[in-house]
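Undergrad: got a predicted model here, sequence first, then my questions.
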Protein chains: 2
Amino acid sequence: MQFLTTHLARCGTRLCLGLDLDPERIPDRYQGRSDPLGKLGADIVEATVDLVAAFKPNAAFYEQQGPAGWNSLTELVARIGQRAFVIVDAKRGDIGNTSARYARAFFDRMGAHALTLAPYMGRDSVEPFLAGRIPPVDQLGPGMGAYVLALTSNPGAADFQLLQVDGRPLYWRVLETLVRWNSGWAAGRLGAVVGATRAEELAAVRQAFPDLPLLIPGVGAQGGDLAAVQAALQLGNGPALINVSRDVLYGRDLVAEPEAVRERAREYARRLDLL
Amino acid sequence: MQFLTTHLARCGTRLCLGLDLDPERIPDRYQGRSDPLGKLGADIVEATVDLVAAFKPNAAFYEQQGPAGWNSLTELVARIGQRAFVIVDAKRGDIGNTSARYARAFFDRMGAHALTLAPYMGRDSVEPFLAGRIPPVDQLGPGMGAYVLALTSNPGAADFQLLQVDGRPLYWRVLETLVRWNSGWAAGRLGAVVGATRAEELAAVRQAFPDLPLLIPGVGAQGGDLAAVQAALQLGNGPALINVSRDVLYGRDLVAEPEAVRERAREYARRLDLL
């Protein structure tokens, strides 16, 4: 994900907009049109693409719509194209033979630049997502890299991720492994998901693994503090994205209105700038 | 998954057929028809439904086909209906708000009876898959339960699953947690995925957690030994499914011919009977 650093510098922001669009929270005027979720997503992309570095569509919100949802997601990724980095938040990971199929689905068919992955099944569940695709040097392209879950923003993170392994939490071992893979077969193309809800841990992670690309969800609705995240990020240099989903899409509104989404995204970008 | 025990007794077999149908390995006569993958899947279901207890379609093999693949998968699950237990192998798991969407996609929209899940994000990533759905007492129905990855059949299992936590491998902690959840909020509706490629560990798991429902992949192409698996299963009583995918679908053939698939499934069922 070397190009990501240049891309972030060019954008001037680390803001990533999570597209967790709820089919039940769509403005009235979209209802009754064909593919309301797709049309709203497209309008939100157009309204915010100059304010964000990346978009992170959440696969589940499209899958719950069945085949039509996959269609919407595919069109959305195509629409974003080269204008922003697109991470499909799909949290996949399976035996190698199966992971290769997921890579085909999201990278070759859909054109996503990156994907989120679950680490539990180990190296051969991650490798096929990087194999056979050489990312373009000077532009965004399918299969540039993947973000592997390390320390997530939800309460259940404590169940397994914080278990002690050799005197360190399990997620630390995941991070060490990613760094090792990055200096070998993964060639710097793996990043880690580290939630914003644990700012102290995030700072320690950034200090210990300053070059590792990070994707940081959990700001806003999930309670992560933007200032604490930004402060932690100063401790390292790797490309880092701060994701906000619900708080930008809805704020206190019931539905996602593209113009209001733009205002809230602009406010987040401004706050990030000032920190 | 209480009903599963009755279902397995009625079927008289533990055989689960993994539907990892490769779009590139389809008999010629299916090519050129609309939805060849869907039609082949349907014919394989009809050819084997009296021989197996369950089908396990692998989501990745359908997702790689884009929206049309989701359509095929949905039709396949509907076709199986009440005639066999259907586990969609999707390995999902995310923050609660997102897991609820995946549950909607696979249970409410698609009608899958069960799903495979990744454990890394903990309790609130698993809970929404059981919430709000009361499984029917005397028949198969959507959302009966879920199988959570514990010890998988691939080489990468060693990277994290075998790490020592309090003197036991991590997967053991996952199993203990599942058993605890089963006696509380999960009400016996969680099972574990334990690969056939580690027969010694499988025997230890069965002895320590005799009632836990098991889904055992990795027999055949992945190298798991059927006799060793069947012997390990004698050590407990919980409903257990032995999954075979490639070795039944293809054997040594290049393509999956429904009649040949039936012969290979029958051979597996017979070998299981004799053990």
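TA: Looks like it came in fine. Numbering: from 1, shown residues only, chains lettered A, B, ... in the order given.

Undergrad: just give the nearest non-adjacent residue to A:Asp211, would you?
TA: A:Gly238 (4.4 Å; CB to CB, 6 or more residues apart in numbering or on different chains). No exception for glycine: its C-beta is placed from N, CA and C like everyone else's.

Undergrad: right, and A:Val219 touches A:Ala196 too?
TA: Yes: the criterion here is CB atoms under 8 Å, and A:Val219 meets it with A:Ala196 at 4.6 Å.

Undergrad: common neighbours of those two, please.
TA: Common contacts of A:Val219 and A:Ala196 (CB atoms under 8 Å, 6 or more residues apart in numbering or on different chains): A:225-226, A:229, A:242.

Undergrad: inside helices: which ones of these?
TA: If you go by DSSP state H, the shared contacts of A:Val219 and A:Ala196 have A:226, A:229 in helices.

Undergrad: of the shared contacts of A:Val219 and A:Ala196, which is the most crowded?
TA: A:Val229 (26 neighbours; other CB atoms under 10 Å in any protein chain shown).

Undergrad: which residues touch the lowest-mean-pLDDT helix or strand in chain A?
TA: One helix or strand of chain A scores below all others by mean pLDDT, DSSP states H and E: helix A:2-11, with a mean of 90. Counting by CB under 8 Å, 6+ apart, helix A:2-11 makes contact with A:14, A:52-53, A:84-85, A:135-140, A:144-145, A:188, A:213, A:238-239, A:241, all of which sit outside it.

Undergrad: ok, the following helix or strand past it: who's next to it in the sheet?
TA: Once the chain leaves helix A:2-11, the next helix or strand it forms, by DSSP states H and E, is strand A:15-19. Under the criterion DSSP bridges, strand A:15-19 sits next to strand A:54-57 (parallel), strand A:240-244 (parallel) in its sheet.

Undergrad: and the contacts of the shortest one?
TA: Contact partners of strand A:54-57, identified using CB under 8 Å, 6+ apart, comprise A:15-19, A:41, A:45, A:73, A:76-77, A:80, A:84-89, A:215, A:217, A:241, A:243, A:245.

Undergrad: coming back round to it: tabulate the strands paired with strand A:15-19 (TSV), appending mean pLDDT.
TA: Output for those, formatted as TSV (pLDDT from 0 to 100):
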stretch	mean pLDDT
strand A:54-57	98
strand A:240-244	97
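
Undergrad: I'd assumed A:Tyr62 was in contact with A:Trp70.
TA: Yes: between A:Trp70 and A:Tyr62 a contact is recorded at 6.3 Å, counting by CB under 8 Å.

Undergrad: OK, contacts around A:Val193?
TA: A:116, A:147-152, A:214-217.

Undergrad: and the residues you listed near chain B, which?
TA: Restricting these to those touching chain B (CB under 8 Å from any CB of the partner chain) yields A:149, A:152.

Undergrad: for ChimeraX, what selects the buried ones among the contacts of A:Val193?
TA: Typed into ChimeraX, the line below selects the buried ones among the contacts of A:Val193, using 16 or more other CB atoms under 10 Å in any protein chain shown:
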select /A:116,147,148,149,150,151,152,214,215,216,217
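
Undergrad: sort out which of the contacts of A:Val193 are in strands and list them.
TA: Residues from the contacts of A:Val193 lying in strands, with DSSP state E as the criterion: A:116, A:147-151, A:214-217.

Undergrad: ok, these vs chain B, which is closest?
TA: Checking these against chain B with CB to the nearest CB, the nearest one is A:Leu149 at 5.8 Å.

Undergrad: just grab the bridge partners of the closest one for me.
TA: A:Val193.

Undergrad: that one and A:Leu115 touch, don't they?
TA: No: using CB under 8 Å, A:Leu149 makes no contact with A:Leu115, being 11.5 Å away.

Undergrad: returning to what we had before: okay, A:Val219 and A:Ala196: which has more neighbours?
TA: A:Val219 (28 against 24).

Undergrad: now for the more buried one: which residues touch it?
TA: Taking CB under 8 Å, 6+ apart, one finds A:196, A:225-226, A:229, A:242-244, A:247 in contact with A:Val219.

Undergrad: now do the helices in the stretch 151-275 of chain A.
TA: A:157-160, A:170-182, A:199-208, A:226-233, A:246-249, A:258-274 (DSSP state H, counting those that start in this stretch).

Undergrad: so between A:Trp70 and A:Tyr62, which is more surrounded?
TA: Neighbour count, other CB under 10 Å: between A:Trp70 and A:Tyr62, A:Tyr62 has more, with 28 against 24.

Undergrad: can the helix or strand containing that one be said to contact chain B?
TA: Here A:Tyr62, judged by DSSP H and E, is contained in helix A:59-63. Yes: on the criterion CB under 8 Å from any CB, helix A:59-63 is in touch with chain B at A:60-61, A:63.

Undergrad: dump that helix to PDB, restricted to CA.
TA: The C-alpha trace of helix A:59-63 is given here as PDB (Å, rounded to 0.1, in the frame of the first residue of the first chain):
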ATOM      1  CA  ALA A  59     -20.700  -5.500   2.600                       C
ATOM      2  CA  ALA A  60     -23.400  -6.700   5.100                       C
ATOM      3  CA  PHE A  61     -25.600  -3.600   4.400                       C
ATOM      4  CA  TYR A  62     -25.600  -4.600   0.700                       C
ATOM      5  CA  GLU A  63     -25.900  -8.400   1.200                       C
END
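
Undergrad: so what does it touch, helix or strand wise?
TA: helix A:67-80, strand A:85-92, helix B:96-103 (3 or more CB pairs under 8 Å, 6 or more residues apart in numbering or on different chains; DSSP states H and E).

Undergrad: what's next to it, contact-wise?
TA: Counting by CB under 8 Å, 6+ apart, A:19-23, A:37, A:69-70, A:72-73, A:88-91, B:70, B:92, B:94, B:98-99, B:101-102, B:105 sit against helix A:59-63.

Undergrad: next one: stretch A:71-89
TA: Here stretch A:71-89 has contacts from A:4, A:7, A:11, A:16, A:18-19, A:35, A:37-38, A:41-42, A:45, A:49, A:52-59, A:62, A:65, A:106, A:109-116, A:139-140, A:147, A:215, A:241, B:66-67, B:94, using CB under 8 Å, 6+ apart.

Undergrad: using PyMOL, define a selection of the buried residues within these.
TA: In PyMOL, a selection of the buried entries from the contacts of stretch A:71-89 looks like this (16+ other CB under 10 Å):
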select buried, (chain A and resi 4+7+11+16+18+19+35+37+38+41+42+45+49+52+53+54+55+56+57+58+59+62+65+106+109+110+111+112+113+114+115+116+140+147+215+241) or (chain B and resi 66+67+94)
